[in-house]
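# Here's my sequence, what's the structure:
(one chain, ligands or ions: 1)
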Amino acid sequence: MTTQRTARPRHYLMCRPSHFTVTYQINPWMDPAKPTDTALAVLQWERLYALYQELGHTVELIDPVPGLPDMVYSANGATVLDDRVLVANFRHAERKDEAAAYQAWFEQRGYQVVHAARHTNEGEGDYLVAGDRILAGTGFRTDLAAHAEAEQVLGAPVVSLTLVDPRFYHLDTALAVLDDGEVMYYPGAFSPESREVLRELYPDALLAEEADAEVFGLNAVSDGRNVLLPETAGNLADRLADRGFTPIGVDLSELLKGGGSVKCCTLELRHAPAAPGGAR
Ligand SMILES: CN(C)C(=N)NCCC[C@H](N)C(=O)O
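Prediction:
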């Protein structure tokens, strides 16, 4: 019998790709010699933005900043748990200034804790909240030392996972949280030790094949029932359907040129009810 899945309304932060282009290379997917089409990127992004709202989710927006073309990947801006925000501290100079924009956005909304990170971390690119724990990537972008800082600031136990394949440079390219206790991942992206950790924590996980991982199929967003993922990850979509999820294919081919897809464009805001007199 197929498991019945229940969607939970979510709250997301997105950034319109008004200034999207690829003029530098900080991951293997980016090629500045390949032309980009900003108008098409905006159109594809608008479809994702509309889709979330059609599914009953709330989406807030942060203003894109000229000269910060990667700001569309809002998942990298911070990690939010209840009323606590750990702001990103980007590895590469090209993205460093994004942190101030994200920090200001959260401060203006009256979050209790808005922590400017001491250690290099790239937000939900490497921190995925999975029920009561945080799965944390390291190896390419987020420093291992940052994981202890995340645990302290966000107040949840962190499980460190080491990424070993440069194509999958953020945890959210290699693993997606489908529900509090359920994940899908591509084993080949992880060190043998981390594969063992994942096997123990999630013996029933959906294991993705390389072909689906390579088209960023794991860069997916789930609300517990609907799973939005790149439309090219057809095999993975079928396997999600077998497990009772509703896969929804999305075309973000322009944003793939920057090395990101659905999840990268989506930062989840998980917060407690605003305190009396709070700004939200
Ligand atoms: C799924 N991924 C990797 C993300 N969470 N973010 C995409 C960041 C892309 C940007 N050009 C960079 O290389 O930082």
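
# before we move on, what SS does the closest residue to residue 179 other than its chain neighbours have?
Nearest residue to residue 179, sequence neighbours excluded (Cβ to Cβ, 6 or more residues apart in numbering): residue 224, at 5.2 Å. Quick note: C-beta positions are derived from backbone N, CA and C, even for glycine. Assigned with DSSP: H, G, I helix; E, B strand; the rest coil, residue 224 falls in the coil class.

# ok, now which ones touch residue 224?
Counting by Cβ atoms under 8 Å, 6 or more residues apart in numbering, residue 224 touches 5-8, 178-179.

# and if we set it to 6 Å?
6-8, 179 (Cβ atoms under 6 Å, 6 or more residues apart in numbering).

# same question, residue 168
Applying Cβ under 6 Å, 6+ apart to residue 168 gives the contacts 174, 189.

# Check residue 133 too.
157, 159 are the contacts of residue 133 under Cβ under 6 Å, 6+ apart.

# Who does it form a beta bridge with?
residue 130 (DSSP bridges).

# Return the distance of it relative to residue 197.
11 Å (Cβ to Cβ, to the nearest Å).

# Same check on residue 152?
21 Å.

# And the contacts of residue 224, which two are furthest apart?
Taking Cβ to Cβ as the measure, the contacts of residue 224 span a maximum distance of 10.2 Å, between 7 and 179.

# what about the two, which has more around it?
Comparing residue 7 with residue 179 by neighbour count (other Cβ atoms under 10 Å), the higher total belongs to residue 179, at 18 against 15.

# residue contacts, the residue of the stretch 1-150 of the chain found nearest the ligand?
Nearest to the ligand in the stretch 1-150 of the chain, going by Cβ to the nearest ligand atom, is residue 125, at a distance of 3.4 Å. If you count contacts by Cβ under 6 Å, 6+ apart, residue 125 has them with 75-76, 170, 172.

# Which parts of the stretch 1-150 of the chain are strands?
11-14, 58-61, 78-81, 84-87, 113-116, 127-130, 133-138 (DSSP state E, counting those that start in this stretch).

# one step back: and the ligand, which of the contacts of residue 224 reach it?
When these are checked against the ligand using Cβ under 6 Å from any ligand atom, none falls in range.

# so who does the nearest residue to residue 135 once chain neighbours are set aside touch?
Closest residue in space to residue 135, ignoring its immediate chain neighbours: residue 128 at 4.6 Å, by Cβ to Cβ, 6+ apart. Neighbour list for residue 128: 135, 171, 177 [criterion: Cβ under 6 Å, 6+ apart].

# Name the residues of the stretch 1-150 of the chain found near the ligand, please.
For the stretch 1-150 of the chain, the residues in contact with the ligand (Cβ under 6 Å from any ligand atom) are 26-27, 30, 70, 73, 75-76, 95, 125.

# Among those residues, which one sits closest to residue 269?
residue 75 (11.4 Å).

# What score does that closest one have for pLDDT?
On the pLDDT scale, residue 75 is placed at 98.

# Repeat that for residue 110.
On the pLDDT scale, residue 110 gets 87.

# again, but for residue 1
On the pLDDT scale, residue 1 gets 69.

# try residue 276
Note for residue 276: predicted pLDDT of 43.

# about what we covered before: and the residue nearest to residue 179, how far from the ligand?
21 Å (Cβ to the nearest ligand atom, to the nearest Å).

# related to what we said a few turns ago, so between residue 152 and residue 197, which is more surrounded?
Set side by side, residue 152 and residue 197 show more neighbours around residue 197, with 16 against 11, by other Cβ under 10 Å.

# what about the stretch 151-280 of the chain, any weak spots by pLDDT?
Along the stretch 151-280 of the chain, segments meeting pLDDT under 70 span 272-280.

# where do the helices sit along it?
Here the stretch 151-280 of the chain has its helices, by DSSP state H, counting those that start in this stretch, at 192-201, 210-214, 234-242, 253-256.

# how about the CA coordinates for the third one, as CSV?
Okay, so that is helix 234-242. These are the backbone C-alpha positions of helix 234-242, laid out as CSV (Å, rounded to 0.1, in the frame of the first residue of the first chain):
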residue,chain,number,x,y,z
GLY,A,234,12.4,11.9,-14.6
ASN,A,235,13.6,8.6,-13.1
LEU,A,236,13.8,10.2,-9.6
ALA,A,237,10.3,11.7,-10.1
ASP,A,238,9.0,8.2,-10.8
ARG,A,239,10.6,6.8,-7.7
LEU,A,240,9.2,9.6,-5.6
ALA,A,241,5.7,8.8,-7.0
ASP,A,242,6.2,5.1,-6.0
